[in-house]
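[1] Could you look at this predicted model? Sequence included:
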Amino acid sequence: MDSPDKTLQTKLWIPSWKFIIITVLIGANIIILRIIMYQDINYVNYSTEIKKQLCVSPSETQEGCILCPSNWLLYGDNCYYYSDAAQRTWNQSQDHCEMMGAHLLVIEDQEPQVFKHQILTQQTDDMFWIGLYRAGDGWRWVNSRHYDTSLFQLEVNSGNCALMNKHGYYTGTCNSKNRFICQRKAVKI
């Protein structure tokens, strides 16, 4: 006859601490993956909604659009900011542009000049600082390129910094105070 102890000797399974830790980690990974997937779906929906609200002509086939900050003008792939009546030196103007993620205007081809002059004709006869200055070896832009005399004629007076108005391009004393034009790349969304 079997003893009562032998009949009740059914082994109960007790998980080890390693098994418990692995189970908890797998569960946590599943939860994290679901959160990430949910956020990705929300990001896509949010991005689509932003495009619908901000883009001039959003469409299903359009990959996106390009935008400029408020009070900036879009032309091509660039944004332009024409300062208000705030008068600044050339260095102060460049610093202000940099604070906005931009630089003083750089003219690298003929096409944008038409746009810039159309805007300036709507302005007063004010002078605007641009990103051209005299360096030791000639005139340079703030992006380190040399001034190309075929783009426009710079009327050289006194001074080592360049200005423009609706009538043309001039040099001036860098410490004199004028309005300025900033330029930056447009943001594609």
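    Done, it's in.

[2] Low-confidence bits of the chain, can you list those?
    1-13, 37-64, 111-124 (pLDDT under 70).

[3] which residues in it form helices?
    4-7, 17-54, 90-99, 111-122 (DSSP state H).

[4] Kindly format the C-alpha coordinates of the third one as PDB.
    The C-alpha coordinates for helix 90-99 follow below in PDB (Å, rounded to 0.1, in the frame of the first residue of the first chain):
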ATOM      1  CA  TRP A  90      26.300  95.600 -40.900                       C
ATOM      2  CA  ASN A  91      27.600  93.400 -38.100                       C
ATOM      3  CA  GLN A  92      24.500  93.800 -36.000                       C
ATOM      4  CA  SER A  93      22.400  93.000 -39.100                       C
ATOM      5  CA  GLN A  94      24.400  89.800 -39.800                       C
ATOM      6  CA  ASP A  95      24.100  88.800 -36.100                       C
ATOM      7  CA  HIS A  96      20.300  89.400 -36.200                       C
ATOM      8  CA  CYS A  97      20.000  87.300 -39.300                       C
ATOM      9  CA  GLU A  98      22.000  84.500 -37.600                       C
ATOM     10  CA  MET A  99      19.700  84.600 -34.600                       C
END
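
[5] So which bits of that helix are buried?
    90, 92-94, 96-97 (16 or more other C-beta atoms under 10 Å). Glycine gets a C-beta too; all of them are placed from N, C-alpha and C.

[6] packing partners for it?
    strand 103-104, strand 128-135, strand 179-185 (3 or more C-beta pairs under 8 Å, 6 or more residues apart in numbering; DSSP states H and E).

[7] angle of that helix against strand 179-185?
    30 degrees (axes from the mean of the first three to the mean of the last three C-alpha atoms, to 10 degrees).
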